[in-house]
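Q: need a structure here:
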Amino acid sequence: MCRAILPLATTAAMLVAQYFIWVYAPEEMTMGLVQKIFYIHLPLAWWALVCFAGVFAGSIMVLVRNNHPAWDAFAAACAEVGVLLCGLALVTGSLWARSAWNTWWTWDPRLSTALVMWFVYAGYLILRGSGLGGASSTRICAVLGIIAFLDVPLVFFSARMWRSIHPAVFASQSGGLEPEMLVTVFVSLAAWGLLTLTLVLARWRIVRYQALMDEITLLGH
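A: Okay, the predicted model is just below:
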């Protein structure tokens, strides 16, 4: 029963977010309807960063708790969801860029660091799925999960550190959003946050069960 509440709340929140995006938020004068991709792109990017922070925290706990399988599974779940969200953020960002900048891609600091981040965490997942097994592999993945996080603050602050055409929505100066747009941003962030939490928890359980089944299979042999 409790496990069903979160998915139901997530579904309701996503439906509410769609209303705010397509009905409540006004249409931007310059870009028109295409600008509404922003309300999807921003939450995808932000929650991807949060997931990668989860990989960082889980990886630290793996080393502190001597390869604790639950924390290893948590890091894996966060990485999987983070790579998915980051990939979708790159795709939606490209769709938005085509209308805003008349190009699908530009080697802007934020875009470049985000792409590097996606490749690093995709490599982390490939390493996890390589089938090496054993405590040493778990520790190697944990170390990589910690090192990979170095790119996360770089992505977040890149638009402020270097000249960038990518907008910094919540910068020190006003981002120029109408009140209705700002409300829609927070509603979308909340809805995608619930979806992210739902996916991470689901994958965390599955990864832990898979590890348990693998252990039982090895004991059976």
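Q: From the chain's centroid, how far away is whichever helix in the chain runs longest?
A: The longest helix of the chain (DSSP state H) is helix 179-220. Helix 179-220 has its C-alpha centroid displaced from the chain centroid by 11 Å (Cα atoms, centre = their mean, to the nearest Å).
Q: quick check: mean pLDDT across that helix?
A: For helix 179-220, mean pLDDT rounds to 88.
Q: Which helix or strand in the protein has the lowest average pLDDT?
A: helix 151-161 (a mean of 75; mean pLDDT, DSSP states H and E).
Q: Give me the most central residue, the chain.
A: Among the residues of the chain, the one closest to the centroid is Ala48, at 1.3 Å (Cα atoms, centre = their mean).
Q: name the helices or strands packed onto the helix or strand it falls within?
A: Element membership for Ala48 (DSSP states H and E) is helix 38-64. Helix 38-64 sits against helix 69-100, helix 109-128, helix 134-148, helix 151-161, helix 179-220, with contacts defined as 3 or more Cβ pairs under 8 Å, 6 or more residues apart in numbering; DSSP states H and E. (C-beta placed from N, C-alpha, C; glycine too.)
Q: for the record, mean pLDDT for that helix?
A: 95.
Q: May I see the buried residues of that helix?
A: 38-52, 54-63 (16 or more other Cβ atoms under 10 Å).
Q: Enumerate every residue touching the residue lying closest to Glu80 once chain neighbours are set aside.
A: Leaving aside its sequence neighbours, Glu80 sits nearest to Arg203 (Cβ to Cβ, 6 or more residues apart in numbering; 5.5 Å). By Cβ atoms under 8 Å, 6 or more residues apart in numbering, the residues touching Arg203 are 76-77, 80-81.
Q: let's see it at 10 Å
A: 73-74, 76-81, 84 (Cβ atoms under 10 Å, 6 or more residues apart in numbering).
Q: I'd like these as JSON lines, with distance to Thr217 and neighbour count appended.
A: Compiled in JSON lines, the contacts of Arg203 are given as follows (distance: Cβ to Cβ, whole Å; neighbours: other Cβ atoms under 10 Å):
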{"residue": "Ala73", "distance to Thr217": "17", "neighbour count": "22"}
{"residue": "Phe74", "distance to Thr217": "22", "neighbour count": "24"}
{"residue": "Ala76", "distance to Thr217": "19", "neighbour count": "25"}
{"residue": "Ala77", "distance to Thr217": "21", "neighbour count": "24"}
{"residue": "Cys78", "distance to Thr217": "25", "neighbour count": "27"}
{"residue": "Ala79", "distance to Thr217": "24", "neighbour count": "27"}
{"residue": "Glu80", "distance to Thr217": "22", "neighbour count": "22"}
{"residue": "Val81", "distance to Thr217": "26", "neighbour count": "27"}
{"residue": "Leu84", "distance to Thr217": "28", "neighbour count": "16"}
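Q: If anything else comes up later, I'll come back, but that's it for now.
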